[in-house]
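Participant: Pasted the sequence and its predicted model underneath.
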Amino acid sequence: MPIAGAVVSAADLEGKQQLAGLLGAEPGVEVSGVGPIGIAIIVETETMKALTSLTKKIKQRPDVADLRMTYCN
């Protein structure tokens, strides 16, 4: 099971808390913290292909400015 850590930057800093809630509602995504740099998430999926698909889906959200992977195993 692949697991990854990432930091998500909100397109609108005022909407960071709302985005964190929406990300946390995604299956396989756990929000571990919200800070000045962004939203720390942990992503866990069944396959690497599913992990790639989910991170692409998050990056394509209009309320996401960037997603930076910090760890992947």
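Facilitator: Done, it's in.

Participant: residue ranges for the strands of the protein, please.
Facilitator: With DSSP state E as the criterion, the chain has strands at 3-10, 29-34, 39-44, 64-72.

Participant: Kindly reformat the ones you listed as a markdown table containing mean neighbour count, distance to residue 18 and mean pLDDT.
Facilitator: Yep, even glycine has a C-beta here, placed from its N, CA and C like the rest. What follows is the strands of the chain, written out as a markdown table (neighbours: other CB atoms under 10 Å; distance: least, CB to CB, whole Å; pLDDT from 0 to 100):
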| stretch | mean neighbour count | distance to residue 18 | mean pLDDT |
| --- | --- | --- | --- |
| strand 3-10 | 19 | 9 | 98 |
| strand 29-34 | 15 | 11 | 98 |
| strand 39-44 | 20 | 11 | 98 |
| strand 64-72 | 14 | 12 | 97 |
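
Participant: Make CSV from the ones you listed and add distance to residue 50 to it.
Facilitator: CSV is the format used below for the strands of the chain (distance: least, CB to CB, whole Å):
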stretch, distance to residue 50
strand 3-10, 11
strand 29-34, 12
strand 39-44, 9
strand 64-72, 13
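
Participant: list the helices and strands the helix ranked longest in the chain packs on?
Facilitator: Across the chain, the longest stretch assigned as helix under DSSP state H is helix 48-59. Counting by 3 or more CB pairs under 8 Å, 6 or more residues apart in numbering; DSSP states H and E, the packing neighbours recorded for helix 48-59 are strand 3-10, strand 39-44, strand 64-72.

Participant: Would you mind pulling the contact partners of it?
Facilitator: Outside helix 48-59, the residues that touch it by CB atoms under 8 Å, 6 or more residues apart in numbering are 2, 4, 6, 8, 23, 26, 28-29, 43, 45, 64, 66-67, 69, 72.

Participant: what comes up buried for it?
Facilitator: Using 16 or more other CB atoms under 10 Å as the test for burial, helix 48-59 gives 51, 54-55, 58.
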